[in-house]
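Student: I'll drop the sequence and a predicted model, then ask my questions.
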Amino acid sequence: MQDQTSPGTLLGELRAQPPLVHCITNFVAMNIAANVLLAAGASPAMVHAEEEAGEFAAIAGALTINIGTLSSAWLRGMQAAAIAAGRAGKPFVLDPVAHYATGFRRAAVDRLLELGPTVIRGNASEIIALAGGASRGQGVDSRDHVEQAEDAARLLAREHGATIAVTGAVDFVTDGDRAARIEGGSALMPQVTALGCSLTCLIGAFSAIRPGAPFEATVAALATFSVAGEMAASKADGPGSFSWCFLDALAALDAATLDRDARVRAA
Amino acid sequence: MQDQTSPGTLLGELRAQPPLVHCITNFVAMNIAANVLLAAGASPAMVHAEEEAGEFAAIAGALTINIGTLSSAWLRGMQAAAIAAGRAGKPFVLDPVAHYATGFRRAAVDRLLELGPTVIRGNASEIIALAGGASRGQGVDSRDHVEQAEDAARLLAREHGATIAVTGAVDFVTDGDRAARIEGGSALMPQVTALGCSLTCLIGAFSAIRPGAPFEATVAALATFSVAGEMAASKADGPGSFSWCFLDALAALDAATLDRDARVRAA
Amino acid sequence: MQDQTSPGTLLGELRAQPPLVHCITNFVAMNIAANVLLAAGASPAMVHAEEEAGEFAAIAGALTINIGTLSSAWLRGMQAAAIAAGRAGKPFVLDPVAHYATGFRRAAVDRLLELGPTVIRGNASEIIALAGGASRGQGVDSRDHVEQAEDAARLLAREHGATIAVTGAVDFVTDGDRAARIEGGSALMPQVTALGCSLTCLIGAFSAIRPGAPFEATVAALATFSVAGEMAASKADGPGSFSWCFLDALAALDAATLDRDARVRAA
């Protein structure tokens, strides 16, 4: 049964009216993220330059920012876009990739946090470090478990008035009041580069559908990823085949199947 | 039967003497465009910096410019390359991605148009807007039909002395005097990101083979894409599998099959 | 049988303790290189900005630099990273893509060579030109055979105190004293863009495992690529399917199979 905020309902709405999603993401993720959005039914646009990022963010349905391959020039574009999205009331999803790794990254994320992200998605190490804790992240990889980041996520949610998604074997989402865990996916997913970055963009797509309900939008995006991941894993022989099986699965996934197979539990 | 300008004849020549194609394209398209050129038999080179783009354009057989993920620094490289290509008499193919979306993009395309593109490829919304019409494009997606852009294409062809390709379900190509429609392809193609950008690069490859015949070169590139697209669609289960089936089909396509299966009609 | 420096031994160690590999590579290679490292068992990180590249290089296990899509801003990041890697005693692998093509590229490679690469990987044309010879390279493609570059490789190895890898149908590796040839792979490999760039990153991963033995690390990386390439070729129907079959094969390859199937001969 689909209620008004079920993942399947939101996926159906996304496909009925494909949202334009403004993605400022890293060079590794560019192609796979765009393909993930297309397979899900959304319309991706990669626009990063300071000269136009603000103008474009106001047109799009949502903005996603990922600092994976950061530079000062790109940071200026990110800030211009986030400011414009804020003024236009558009959702802004932040992915603070490996923000703990260098001083440049930490300072950049501090500035982006000031611009009021609607949703923040990260792995456990990123979320723990963002809340001021001691993470064990190495490079872009988490070495902490999702459960260890739950308190940090609740703290961040309240501090920033944002929805926080910690993704891993079992995902955790909270807006400070409510929380949910989403099971599913596949152990092959972390072996495919930039799937997490692509998920950030997909959260943007669902957020554009329900700008007033970022918690539900985030849960829907994570559930979509998890169900498509399970479908792909049943066909794949390794990370190479997983990648295209996942896109085929995302494109084939319908609203009813999503609601039937999604494993979302209140936490 | 292959005549001297048939798609198959040009494909055979391309494979016999792989042209070096200088591509300045967007971050999303970089990898798939290079793989498309390699599968077709050409030699791609992605070189964008102002410091060397002019020098490189003079060496290459053709230049292609796509403004997908534009910035001021890249625009300077594009201009240097287009000027050098013009001086060296090398074909220059322009792909004005979503040029209507922001002021920055519109101004950039105005400058690139002044540098005399040999071929311009776009979707219907892009071509309509380029001719000064009211397009309904959203982000990088066309919301207009190819037929609606035919008059705009003829107008642009005469105004710029260029070959104009409007791509969609059925492609339309004109040099102002002649015109052709190319059928084929697959509904999965717009679900794979940057295939249109890759096609622009392939037009560059064919243009390098016949620098004096941009209309025929463009028709050959579009026919190659359409036939390979049909071959791939017969094997693919979705956009993920389509992507690699398309590369396999492009690599397997021979001149005789191309001429047999291409559906090109004078318009 | 696995000795202490056999490819299989090093692959086993890499998987037991995944090295963080700092890759500054080109836009075409970003995604496939990251996927190659993940499939092999390493942890890739793409970090290029001058603002943080030095800080990051000191954290990582090895640094790889590829000048494919070079610009002045990126060159500054490359230099900062190479200097920091040198100070921290971390291996630094250089891939001088098409360095002979423009003056900008030649000057950039001269600067990077001064920073003391541990390993240099290139195709025959690149290695010949690097040693001051007359190469026949066109764009990024070699038009010379590996055997023609062997003397150049030995010369470069002694001049720079580095391990030199010339890759092609049969690879050649030398540190000036010792030399080896590695057979295997597939004729489809040059039809997939950026596999050579990805191999450079994989040499970085193996070098991080054995910082004191760059010759053995390079041989191990090349043997891994060659064996996985043969496995993939037995399943692939073209360059599109080869690409994902290769990632599946890399992920499935175990230490014993690698040592059994690797064809490494002293030269």
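Tutor: Sure thing, it's come through. Remember, it's a predicted structure, so these values are computed and weren't measured experimentally.

Student: Could I get the full set of helices for the stretch 1-150 of chain A?
Tutor: Using DSSP state H, counting those that start in this stretch, the helices of the stretch 1-150 of chain A run over A:7-16, A:30-40, A:50-59, A:72-88, A:103-114, A:124-130, A:150-160.

Student: again with the stretch 151-267 of chain A
Tutor: If DSSP H, counting those that start in this stretch is used as the criterion, the helices of the stretch 151-267 of chain A fall at A:195-209, A:214-233, A:239-252, A:255-261.

Student: Of those helices, give the one that comes closest to chain B.
Tutor: Chain B lies closest, by Cβ to the nearest Cβ, to one member of the helices of the stretch 151-267 of chain A: helix A:239-252, at 3.0 Å. C-betas here are computed from N, CA, C, even on glycine.

Student: Tell me where the model's unsure across chain A.
Tutor: By pLDDT under 70, the low-scoring segments of chain A are A:1-2.

Student: Contact residues of it facing chain C?
Tutor: Neighbours of chain C within chain A, by Cβ under 8 Å from any Cβ of the partner chain: A:26-32, A:68-73, A:98, A:101-105, A:138-141, A:190-194, A:237-241, A:243-244.

Student: Could you measure from residue A:134 over to chain B?
Tutor: Going from residue A:134 to chain B by Cβ to the nearest Cβ, to the nearest Å gives 34 Å.

Student: what about that residue, how many residues close to it?
Tutor: Using other Cβ atoms under 10 Å in any protein chain shown, residue A:134 has 9 other residues around it.

Student: The spatially closest residue to it that is not a sequence neighbour: how many residues sit nearby?
Tutor: Setting aside the residues directly before and after it, residue A:134 is nearest to residue A:128 in space (Cβ to Cβ, 6 or more residues apart in numbering or on different chains), at 7.3 Å. When neighbours are counted by other Cβ under 10 Å, residue A:128 registers 26.

Student: Equivalent analysis for residue A:187, please.
Tutor: 10.

Student: which ones are touching it?
Tutor: By Cβ atoms under 8 Å, 6 or more residues apart in numbering or on different chains, the contact set of residue A:187 is A:169, A:233.

Student: cool, and residue A:27?
Tutor: By Cβ under 8 Å, 6+ apart, residue A:27 lies in contact with A:68-69, B:27, C:27, C:30, C:46.

Student: now for those, which pair is the farthest apart?
Tutor: Spanning the widest gap among the contacts of residue A:27 are A:68 and C:27, at 13.2 Å by Cβ to Cβ.

Student: Quick one: residues contacting the closest residue to residue A:250 other than its chain neighbours.
Tutor: For residue A:250, ignoring the flanking residues on the chain, the nearest one in space by Cβ to Cβ, 6+ apart is residue A:39 at 3.9 Å. Residues in contact with residue A:39 (Cβ under 8 Å, 6+ apart) are A:247-248, A:250-251, B:191, B:238-240.

Student: In JSON lines, list the helices of the stretch 151-267 of chain A along with mean neighbour count.
Tutor: Below are these laid out as JSON lines (neighbours: other Cβ atoms under 10 Å in any protein chain shown):
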{"stretch": "helix A:195-209", "mean neighbour count": "29"}
{"stretch": "helix A:214-233", "mean neighbour count": "26"}
{"stretch": "helix A:239-252", "mean neighbour count": "25"}
{"stretch": "helix A:255-261", "mean neighbour count": "17"}
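
Student: just checking, residue A:153 touches residue A:126?
Tutor: No. Using Cβ atoms under 8 Å, residue A:153 makes no contact with residue A:126, being 10.6 Å away.

Student: how near is the spatially most central residue of chain A to residue C:93?
Tutor: Nearest to the geometric centre of chain A sits residue A:200, at 1.9 Å (Cα atoms, centre = their mean). To residue C:93, residue A:200 is 30 Å away according to Cβ to Cβ, to the nearest Å.

Student: quick one on the thing from earlier: nearest to chain C, of the contacts of residue A:39?
Tutor: Of these, the one sitting nearest to chain C (Cβ to the nearest Cβ) turns out to be residue B:240, at 9.5 Å.

Student: Quick check, the closest one in contact with residue A:246.
Tutor: Yes. Here residue B:240 reaches residue A:246: they are 6.6 Å apart, a contact under Cβ under 8 Å.

Student: Could you report the separation of the nearest residue to residue A:44 once chain neighbours are set aside from residue A:224?
Tutor: Closest residue in space to residue A:44, ignoring its immediate chain neighbours: residue A:37 at 4.0 Å, by Cβ to Cβ, 6+ apart. When distance is defined by Cβ to Cβ, residue A:37 is 11 Å away from residue A:224.

Student: Residue A:122 is in contact with residue A:96, correct?
Tutor: Yes. Here residue A:96 reaches residue A:122: they are 5.7 Å apart, a contact under Cβ under 8 Å.

Student: of those two, who's got more company?
Tutor: Shown here are residue A:96 and residue A:122; by other Cβ under 10 Å, residue A:122 has more neighbours (29 against 26).

Student: For the more buried one, give me its contacts.
Tutor: Counting by Cβ under 8 Å, 6+ apart, residue A:122 touches A:95-97, A:130, A:165-167.

Student: same thing but at 10 Å, please
Tutor: A:94-99, A:128-130, A:135, A:137, A:142, A:149, A:152-153, A:156, A:164-167, A:196, A:200 (Cβ atoms under 10 Å, 6 or more residues apart in numbering or on different chains).

Student: before we move on, what about residue A:14?
Tutor: When contacts are counted by Cβ under 10 Å, 6+ apart, residue A:14 touches A:37, A:40-42, A:61, A:202, A:205-206, A:208-210, A:217, A:220-221, A:224, A:255.

Student: that older thread, go ahead and confirm the residue nearest to the centre of chain A touches residue A:32.
Tutor: No. The pair residue A:200 / residue A:32 is not scored as a contact, 11.8 Å apart, by Cβ atoms under 10 Å.

Student: Now for those two: what residues contact both?
Tutor: Common neighbours of residue A:200 and residue A:32 (Cβ under 10 Å, 6+ apart) are A:25, A:194.

Student: Near chain B, which residues of the stretch 151-267 of chain A are found?
Tutor: Counting by Cβ under 10 Å from any Cβ of the partner chain, the positions of the stretch 151-267 of chain A adjacent to chain B are A:232, A:235, A:240-252.

Student: which two from those end up farthest apart in space?
Tutor: Of all pairs drawn from those, the greatest distance, 19.4 Å, lies between A:240 and A:252 (Cβ to Cβ).

Student: any idea how far residue A:142 lies from chain C?
Tutor: Distance of residue A:142 to chain C, computed by Cβ to the nearest Cβ: 11 Å.

Student: count of neighbours near that residue?
Tutor: Other residues lying near residue A:142 total 25 when counted by other Cβ under 10 Å.

Student: All good on my end, thank you.
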